[in-house]
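Colleague: here is my input, please return the structure:
(one chain, ligands or ions: 2)
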Amino acid sequence: MNEHDSERIAGLLESEGYTKADDAEGADLVVLNTCAIRENADKRLYGTLGQLKRSKDRRPELRIAVGGCLVQKDKHLVLSKAPWVDVAFGTFAVGELPALLERRERSGVAAFEFREQTEVFPSALPARRNDPFHAWVAVSVGCDNACTFCIVPSVRGPQVSRRMGEILEEVRDLVDDGVVEVTLLGQNVNTYGRDLDGRPLFAELLRALDDIAGLRRVRFTSPHPHDFTPDVIDAMASSAVVCEHIHFPMQSGSDRVLKQMRRSYRIDRYLGWLERIRQAIPGIAVSTDIIVGFPGETEDDFADTIRAVEAARFDSAFTFLYSVRPGTQAASMEGAVEPGVAQERYERLVECQERISLERNLSTVGRRFEVLVEEVSSRKDPHKVTARTRTNKLVHVPAEARSTGEFVDVVVTEAHPHHLDALPA
Ligand code: SAM
Ligand code: SF4
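Modeller: Ligands and ions are numbered 1, 2, ... in the order given. The predicted structure is shown next:
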């Protein structure tokens, strides 16, 4: 979602006549778009602002703008902690950035805007996409859940869905512009539309996207296991464009911890969904999010997580050490897990998942896949391009004059935990 906002920020500024600078040193304006999901984002913001202050001392004409979730959370605190910041804007005020910059010039003092609700969908703003062939498309913003560890509802507000017609129109325009792959974004895509006509519309949206000529791949993030419905599986299975990959956040394998997290599902139900999804869509890859060290997590709870990971056999997982977010319910829970204990559990989890990821990837060796070339100049190896399968696996392929956005058929030659090596078929 933040990346999507950043593309909108860049697009907005370009439409105002700004051009992209090569680096912060040569820029007239630096915009920092912040994340508040874990604590290290906080620390990094103030560290980066400290460095930018030194640049501004040398070049007082430099303008610094800070936006995003951290600003929405801290509001005026950003300006009091870093008074050299020129503009601060919250998550609901992305579209105001050009006006704020102008106000700053006119008044000579810092300008800010923190709203409390969505007025303009970020997608209604111009965008400068990072990839010509891929686009993020927000289907909703905000979240109606209250997972006790999560800051999102307080910085992004309640869920607001976009009309389906508007989403389809945006996707058609993107395809006309050369986009072949879209990723639908929502904190809980399964409740998409519930605030529009009282019922979830996600499966309908997936079916409608299947009819757009020229669109080759649709991905989405994230479905919430509690609101998952069989019609979404049917729509995925019958669609030619929806990719054989699902990001399905588990968070924990312990029912006790899931309850404390207010995730509203039990691990058996979660694993049951996985079974149904895999039965309906053979070869589908599954990724997940897991938090380690949630308050009160015992060694038994963690053992349940490891058991669930072994049972789920994820292709990959984003693993996080629990991070206290002030203002969330979990922040005042007792039973903080000692950092050393959490770290050790985290390492055990990563080791377990890496082994499973490798095993899953080994099963692809010798098989043929269609990949979409994403990056031609791999920093590590200029002779390789990076591409992605429909199952969201990263693949290294010999460069051989491939260009970004091109589809290539490849055969996998070697498997690693985080990527595959392949040769053109
Ligand atoms: N809406 C998505 C869902 O419910 O699956 C999650 C979106 S959140 C931006 C991405 C991930 O960050 C979560 O799935 C969770 O694993 C992780 N996360 C959120 N808050 C966290 C916290 N306080 N500490 C550690 N990880 C956290
Ligand atoms: Fe946060 Fe839970 Fe909403 Fe996801 S579903 S954004 S984890 S509150």
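
Colleague: are we agreed that Thr183 is in a helix?
Modeller: No - counting by DSSP: H, G, I helix; E, B strand; the rest coil, one finds Thr183 to be strand, located in no helix.

Colleague: numbering from 39 from now on, please.
Modeller: OK, 39 is where the count begins now, so the last one is Thr221.

Colleague: looking at it, it is touching Ser260, isn't it?
Modeller: No - judged on CB atoms under 8 Å, Thr221 makes no contact with Ser260 at a distance of 10.8 Å. The way it works is simple: take the backbone N, C-alpha and C, and place the C-beta from them, glycine included.

Colleague: in its sheet, what does the helix or strand where Ala460 lies sit against?
Modeller: Ala460 belongs to strand 458-462 when elements are defined using DSSP states H and E. Looking at strand 458-462 with DSSP bridges, its partner strands are strand 432-436 (parallel), strand 445-453 (antiparallel).

Colleague: the ones you listed: which one's closest to Asp419?
Modeller: strand 432-436 (7.3 Å; CB to CB).

Colleague: now the closest one: buried residues?
Modeller: Leu432, Val433, His434, Val435 (16 or more other CB atoms under 10 Å).

Colleague: before we move on, what about stretch 399-415?
Modeller: Neighbour-count burial for stretch 399-415 [16+ other CB under 10 Å]: Asn399, Thr402, Phe407, Val409, Leu410, Val411, Glu412, Val414.

Colleague: likewise for stretch 380-394?
Modeller: Going by neighbour count (16+ other CB under 10 Å), the buried part of stretch 380-394 is Ala380, Arg383, Tyr384, Leu387, Cys390, Gln391, Ile394.

Colleague: so for the third one, what's the pLDDT?
Modeller: So that's Tyr384. Model confidence at Tyr384, given as pLDDT, is 98.

Colleague: do I have it right that it meets Gly331?
Modeller: Yes - applying CB under 8 Å as the test, Tyr384 and Gly331 come out as touching, 7.1 Å apart.

Colleague: between these two, what contacts are shared?
Modeller: Common contact partners of Tyr384 and Gly331 (CB atoms under 8 Å, 6 or more residues apart in numbering): Leu359.

Colleague: part of a helix, is Arg82?
Modeller: Yes - looking at Arg82 with three-state DSSP, it is inside a helix.

Colleague: which ones among the buried residues of stretch 380-394 are found in helices?
Modeller: Judged by DSSP state H, the subset of the buried residues of stretch 380-394 located in helices is Ala380, Arg383, Tyr384, Leu387, Cys390, Gln391, Ile394.

Colleague: returning to what we had before: could the strands paired with strand 458-462 go into TSV alongside distance to Val295 and mean pLDDT?
Modeller: Shown next, in TSV, are the strands paired with strand 458-462 (distance: least, CB to CB, whole Å; pLDDT from 0 to 100):
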stretch	distance to Val295	mean pLDDT
strand 432-436	31	93
strand 445-453	32	96
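
Colleague: of those, which is nearest Gly321?
Modeller: strand 445-453 (13.1 Å).

Colleague: what's in contact with the closest one?
Modeller: For strand 445-453, the external contacting residues (CB under 8 Å, 6+ apart) are 218, 254, 396, 399-400, 402-411, 425, 433, 435, 440, 458-463.

Colleague: list the beta-bridge partners for Glu219.
Modeller: Counting by DSSP bridges, Glu219 forms beta bridges with His172, Arg255.

Colleague: residues near it, how many?
Modeller: A total of 22 residues lie near Glu219 under the criterion other CB atoms under 10 Å.
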